[in-house]
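Engineer: my questions concern the predicted model and sequence given below.
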Amino acid sequence: MRVTVQGDKVVKLYGDPDHPTTGGALCTKVSRYAERTEHAERVLKPLKRVGPKGAGEFVEVSWDEALDDIAARLSEIARRDPQAIVPYSYAGTMGMVQGEGMAARFFNKLGASRLDRTICSSAGGDALLATYGGKVGMHVEHFAESRLIVIWGSNSITSNLHFWPIALAAKRAGATLVCIDPRRTETAEKCHVHLALTPGSDGALALAVMHELIVNDWLDHDYIARHVDGWDGLRERALQWAPERAAVECGLAVDQIRDFARLYGTTKPAGIRLNYGMQRVRGGGNAARLVALLPCLTGAWRHRAGGMLLSASGWLKDFRNPGFDHPGLLAGRDPRTVNMVTIGDDLQRQTGETMPDGRVFGPRIEALIVYNSNPVAVAPDSRRVAAGFRREDLFTVVLEHFLTDTADHADYVLPATTQLEHWDVHGSYGHTTIVINEPALTPRGQSRSNAAIFRALAQRMGFTEPCFRDDDETLARQAFKGPVSFEELREVGWARLPLPEAPFADGGFPTPSGKARCDAPGIGLPDHVPPYESVRSAPELAKRFPLAMISPPARNFLNSTFVNVKSLRAIEHEPILEIAADDAAARGIADGDIVRVFNDRGDYRCAARVSARARPGVVHGLGVWWRKYGLDGTNVNELTHQKLTDLGRAPSFYDCLVEVERAQAAA
Ligand SMILES: Nc1nc2c(c(=O)[nH]1)N[C@H]1C(S)=C(S)[C@@H](COP(=O)(O)OP(=O)(O)OC[C@H]3O[C@@H](n4cnc5c(=O)[nH]c(N)nc54)[C@H](O)[C@@H]3O)O[C@H]1N2
Ligand SMILES: Nc1nc2c(c(=O)[nH]1)N[C@H]1C(S)=C(S)[C@@H](COP(=O)(O)OP(=O)(O)OC[C@H]3O[C@@H](n4cnc5c(=O)[nH]c(N)nc54)[C@H](O)[C@@H]3O)O[C@H]1N2
Ligand SMILES: [Mo]
């Protein structure tokens, strides 16, 4: 992102035309980043709660007063047990400097609980570790040369806009595009083939593709023999998955599966753009493992335009500074880990409680420090999450730009800078360059960067180690070690990681043996793992809640970020539920009606959109609205649950049964 500034005001904000992935374009929402930064409702001074918890009533206080009081409260809790203090952070910024860096040093020194940062990608991430030994994949730009592109569990035009021009270039050159997604997205519409399978059935589909690869002998036997471990066992399993069996599981026609398998087995080079939409179900990890094995079976990796890309973030490993977070500050302590997905339940747990998995919880959570995240809106089972945040005996500090649903529940809100105002260094999971973020504007109001806030808190807490004095520019210098110097990075803005063109053309996966693994240590062979909640896997529950609900992102929001930017909210208009015509008619629902979407966890009211985007039996509650902008102060996460995926301890947002009925208009 490039900005032109005059007199400390942005006059132009645009994509870097030279950057290989951005290519001069920003997505709709980020192109409004200046509007967001200069937003009239931005928090510009520290705020202290005066009203009841969750009411969002605050008074302005000085930084000194806020920091002194926060340090006193945290010190008092830490004297009893620092693990009662929990950091909560995720995707607000994924920069190395304003992400963890100074924050991690602070929490390491304190001995606070660790956070398992699982809310997005860890099921798929662990699947890649199991299969390839790392989060590694194709270079995104090489998809332009693929003859077949399979967009699997991803809405590129919405969530991965910079992939789309690459896919279009391939399409223009004659490639076939396939989209595998329960929803008829804007991306699915523009592909040649759309497989609208039921949520959580991807593992069955991948096994049936393997079945066809075997029986038609579309396998690359030489590649398998040299570069794949454990195929014999998986081969046996895949032979039990004829397309007829998978068709029932996936809600697809047998021929759709057979035709897709033929296309995949016979078109070279074939690239799979897997994404995170398909791993947000109980069996998401196993399904991602199965998909990741497909290019190993056909030898697609031999060509640079063949293989798969889910995440390329593992390539960064060699360029991150491993000492950046100063793990030595833990001084031998091994604090407990809290999973960010189960914060709803965990806020209610008592000291020493035995958890469902048999582990002992440790101390009750007494303080939460939230930065780069809006858990009251984005975490599953949000009625429970909000109830936890309303606990009178919980001390909550939120570093934010705005009074989000989470900030409304804070004891202190601390004003943070935006990307236009601070230093950072960014990796990526979709491309293979690193990027520098230089401040373009002076910090608005009294806002401070996350790193500056943790630095100031460290000083109040009496942390005297020199690493707590590193300023933001120094942190940006320390965060990475190559491929270029800090000065070179500043000059160009970004740098390509030096990686092989076709990384696994001759094997060399980052596993100990260098082979891709069907059979992974400790977890065995992948299999189709049915959803927790689906008509087939939970027929009793489905009698009361017969519709599967997925909640992928609305195009003009970034998770819950940008929901308060008026020009973007105006495009999205209001929270909606897409429903197929037959499902709507059976319930007497017309387009535009206010509906009640419900299950045993909660109620969510929004407008129905009767839409051909929805297949029968599946509804789409597009996310992630701020609760306070929704009817009755709820959003779609009122309905999702805290159960974890098979791998990666991740949320299963898209594994959720609901019922829908017409409701009265909002009061
Ligand atoms: N505009 C916009 N862009 C974003 C985001 C945003 O909120 N808004 N979020 C960013 C973030 S944090 C992330 S992690 C990425 C996520 O981006 P992606 O990984 O591409 O994932 P999603 O867009 O969440 O979901 C992709 C698609 O998966 C489909 N899907 C749901 N369940 C299943 C299933 O069981 N199987 C299959 N095959 N498909 C399924 C959904 O219908 C959706 O169209 O996007 C990033 N980009
Ligand atoms: N139902 C449902 N729920 C979902 C998803 C879904 O698809 N469906 N998607 C999930 C996914 S993929 C993800 S990644 C999570 C994301 O959940 P979060 O990580 O909570 O991401 P956001 O909702 O974007 O909220 C980020 C917050 O950080 C703030 N922020 C941005 N930059 C900074 C900064 O520099 N400093 C500070 N202090 N704050 C900053 C923003 O103002 C914003 O309020 O949500 C998950 N929740
Ligand atoms: Mo995410």
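Structural biologist: Cool, the structure landed. Ligands and ions are numbered 1, 2, ... in the order given.
Engineer: separation between Arg49 and ligand 2?
Structural biologist: 18 Å (CB to the nearest ligand atom, to the nearest Å). Heads up, the C-betas are built off the backbone N, CA and C, glycines and all.
Engineer: mind listing what Phe106 touches?
Structural biologist: For Phe106, the set of contacting residues under the criterion of CB atoms under 8 Å, 6 or more residues apart in numbering consists of 454, 457-458, 463, 468.
Engineer: how far out from the middle of the chain is the helix or strand in which it is found?
Structural biologist: Under the criterion of DSSP states H and E, Phe106 resides in helix 102-110. Between the centre of helix 102-110 and the centre of its host chain there is 24 Å, according to CA atoms, centre = their mean, to the nearest Å.
Engineer: now do stretch 179-194
Structural biologist: On the basis of CA atoms, centre = their mean, stretch 179-194 is displaced by 21 Å from the centre of the chain it belongs to.
Engineer: that older thread, so which of the contacts of Phe106 are in helices?
Structural biologist: Cross-referencing these against helices under DSSP state H gives 454, 457-458.
Engineer: by neighbour count, which of these wins?
Structural biologist: Using other CB atoms under 10 Å as the neighbour definition, the ones in helices among the contacts of Phe106 reach their maximum at Phe454, which records 26 neighbours.
Engineer: how near is that one to Ala650?
Structural biologist: 27 Å (CB to CB, to the nearest Å).
Engineer: near ligand 1, which residues of the stretch 351-500 of the chain?
Structural biologist: Contact residues (CB under 6 Å from any ligand atom) of the stretch 351-500 of the chain with ligand 1: there are none.
Engineer: quick one: the strands in the stretch 351-500 of the chain, in order.
Structural biologist: For the stretch 351-500 of the chain, applying DSSP state E, counting those that start in this stretch gives strands covering 367-371, 395-400, 412-415, 424-426, 433-437, 494-496.
Engineer: with distance to ligand 2 added, can I get those strands in TSV?
Structural biologist: Shown next, in TSV, are the strands of the stretch 351-500 of the chain (distance: least, CB to the nearest ligand atom, whole Å):
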stretch	distance to ligand 2
strand 367-371	4
strand 395-400	3
strand 412-415	8
strand 424-426	8
strand 433-437	10
strand 494-496	19
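Engineer: so which of these comes closest to Cys656?
Structural biologist: Go through these one by one with CB to CB and the one that ends up closest to Cys656 is strand 367-371, at 24.8 Å.
Engineer: what lines up beside that closest one in the sheet?
Structural biologist: When pairing is defined by DSSP bridges, strand 367-371 lines up against strand 85-89 (parallel), strand 395-400 (parallel).
Engineer: ok, the closest residue to Ala196 other than its chain neighbours - contacts?
Structural biologist: Nearest-residue entry for Ala196: Arg615, 4.8 Å, with adjacent residues in sequence omitted and distances by CB to CB, 6 or more residues apart in numbering. Arg615 sits next to 182-184, 196, 198, 251, 580 when contact means CB under 8 Å, 6+ apart.
Engineer: helices - which of those residues land there?
Structural biologist: Checked against DSSP H, the contacts of Arg615 include nothing in helices.
Engineer: mind listing what's buried in the lowest-mean-pLDDT helix or strand in the chain?
Structural biologist: Of the helices and strands making up the chain, the lowest-confidence element is helix 566-572, at a mean of 89, by mean pLDDT, DSSP states H and E. Using 16 or more other CB atoms under 10 Å as the test for burial, helix 566-572 gives 568-569, 572.
Engineer: reformat the residues you listed as TSV; add distance to ligand 2.
Structural biologist: What follows is these, written out as TSV (distance: CB to the nearest ligand atom, whole Å):
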residue	distance to ligand 2
Leu568	13
Arg569	14
Glu572	15
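Engineer: would CSV of the residues you listed with distance to Arg302 be doable?
Structural biologist: As requested, these are exported to CSV (distance: CB to CB, whole Å):
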residue, distance to Arg302
Leu568, 43
Arg569, 47
Glu572, 44
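Engineer: relative to Gly524, which of these is nearest.
Structural biologist: When these are ranked by distance to Gly524 (CB to CB), Glu572 comes first, at 43.4 Å.
Engineer: wait, doesn't that closest one sit right on Phe557?
Structural biologist: Yes: using CB atoms under 8 Å, Glu572 is in contact with Phe557, at 6.7 Å.
Engineer: on that earlier part again, TSV please, covering the ones in helices among the contacts of Phe106 and showing distance to ligand 2 and pLDDT.
Structural biologist: Putting the ones in helices among the contacts of Phe106 into TSV (distance: CB to the nearest ligand atom, whole Å; pLDDT from 0 to 100) gives the following:
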residue	distance to ligand 2	pLDDT
Phe454	10	98
Leu457	13	98
Ala458	16	98
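Engineer: ok, for Ala253, nearest residue in space, not its chain neighbours?
Structural biologist: Setting aside the residues directly before and after it, Ala253 is nearest to Ala247 in space (CB to CB, 6+ apart), at 6.3 Å.
Engineer: for the one you found, helix, strand, or coil?
Structural biologist: Classification of Ala247 using DSSP: H, G, I helix; E, B strand; the rest coil returns helix.
Engineer: my guess is it contacts Phe260. True?
Structural biologist: No: contact between Ala247 and Phe260 fails when scored by CB under 8 Å: they sit 11.4 Å apart.
Engineer: identify the contacts common to the two.
Structural biologist: With contacts taken as CB under 8 Å, 6+ apart, not a single residue reaches both Ala247 and Phe260.
Engineer: skip the chain neighbours and tell me the closest residue to Pro512.
Structural biologist: In space, Pro512 comes closest to Gly133 once its chain neighbours are excluded; the distance is 7.5 Å by CB to CB, 6+ apart.
Engineer: also near ligand 1: which of the buried residues of helix 566-572, exactly?
Structural biologist: Residues of the buried residues of helix 566-572 in contact with ligand 1 (CB under 6 Å from any ligand atom): none.
Engineer: so which residues on the stretch 451-600 of the chain come close to ligand 2?
Structural biologist: Within the stretch 451-600 of the chain, the positions lying close to ligand 2 (CB under 6 Å from any ligand atom) are 551-553, 558-561.
Engineer: actually the stretch 301-450 of the chain, sorry about that
Structural biologist: If contact is defined as CB under 6 Å from any ligand atom, the residues of the stretch 301-450 of the chain in contact with ligand 2 are 371-374, 378, 399-402, 404, 416, 450.
Engineer: please narrow the residues you listed to those residing in helices.
Structural biologist: When DSSP H defines the helices, the subset of those inside them is 378, 450.
Engineer: okay, the residues of the stretch 301-450 of the chain next to ligand 2 in JSON lines with distance to Ile214 next?
Structural biologist: Formatted as JSON lines, those follow (distance: CB to CB, whole Å):
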{"residue": "Tyr371", "distance to Ile214": "50"}
{"residue": "Asn372", "distance to Ile214": "46"}
{"residue": "Ser373", "distance to Ile214": "45"}
{"residue": "Asn374", "distance to Ile214": "46"}
{"residue": "Val378", "distance to Ile214": "41"}
{"residue": "Leu399", "distance to Ile214": "53"}
{"residue": "Glu400", "distance to Ile214": "53"}
{"residue": "His401", "distance to Ile214": "53"}
{"residue": "Phe402", "distance to Ile214": "54"}
{"residue": "Thr404", "distance to Ile214": "51"}
{"residue": "Ala416", "distance to Ile214": "54"}
{"residue": "Asn450", "distance to Ile214": "51"}
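Engineer: so what's Leu497 up against?
Structural biologist: Contact analysis of Leu497 by CB under 8 Å, 6+ apart lists 315-316, 319, 432-434, 483.
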